[in-house]
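**Q** Quick one: sequence plus predicted model below, questions after.
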Amino acid sequence: MTNTIVQYILLRTDLLKELGWSIGAVVAQACHASTAVLHLYKDDEHTIQYLNDMDNMHKVVLEVPDEASLNKVAAKLKENFISHKLWIEQPENIPTCIAMKPYPKEEVKKYVGKFKLLKLQINETK
């Protein structure tokens, strides 16, 4: 059985729930981080495989409650040599999202397994 290559994206939910960002602005953060990490690791074997099967990409978007939690995840990924991009929105200088480069799921799910799938309803943001 092959190990599915997946890209994990971790997004701060407090941006919507407490800081009043629009859903569009938050989705844009995930897009920025995903695009950036794919570019940064464009020559990586797993990234190449992931992009070569474009119609079957697997992304998993997880929710992280706040900036402190996001920074903690980023530090854990860094200390374990897990390639990722911590997206920092400019000019506000606000860390908003982490996108990991594509990895075989079994290699990296232990670093993100405690986080839930992002399942916000539009009415939750009001």
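**A** That came through, no problem.
**Q** dump the residue contacts of residue 69.
**A** residue 12 (CB atoms under 8 Å, 6 or more residues apart in numbering). From N, CA and C alone the C-beta is placed, and that goes for glycine too.
**Q** Recalculate using a threshold of 6 Å.
**A** By CB atoms under 6 Å, 6 or more residues apart in numbering, no residues touch residue 69.
**Q** in a helix, that's where it is, yeah?
**A** Yes - applying DSSP: H, G, I helix; E, B strand; the rest coil, one finds residue 69 inside a helix.
**Q** roughly how far apart are it and residue 9?
**A** From residue 69 across to residue 9, the span is 14 Å (CB to CB, to the nearest Å).
**Q** With residue 86 instead?
**A** Note on residue 86: its distance to residue 9, by CB to CB, is 12 Å.
**Q** For these two, indicate the residue with more neighbours.
**A** A side-by-side neighbour count of residue 86 and residue 9, using other CB atoms under 10 Å, places residue 9 first with 23 against 20.
**Q** Next secondary structure element downstream of the stretch of helix or strand that one belongs to?
**A** Per DSSP states H and E, residue 9 falls inside strand 5-12. Remark: after strand 5-12, the chain's next helix or strand is helix 14-17, criterion DSSP H and E.
**Q** still on that earlier bit, enumerate the positions of the strand holding residue 9 that are buried.
**A** 5-12 (16 or more other CB atoms under 10 Å).
**Q** As a check, name the ranges of all strands in the protein.
**A** Counting by DSSP state E, the chain has strands at residues 5-12, 59-64, 84-89, 94-100, 103-104.
**Q** can you tell which of those is closest to residue 34?
**A** strand 94-100 (4.6 Å; CB to CB).
**Q** what angle do the closest one and strand 84-89 make?
**A** 160 degrees (axes from the mean of the first three to the mean of the last three CA atoms, to 10 degrees).
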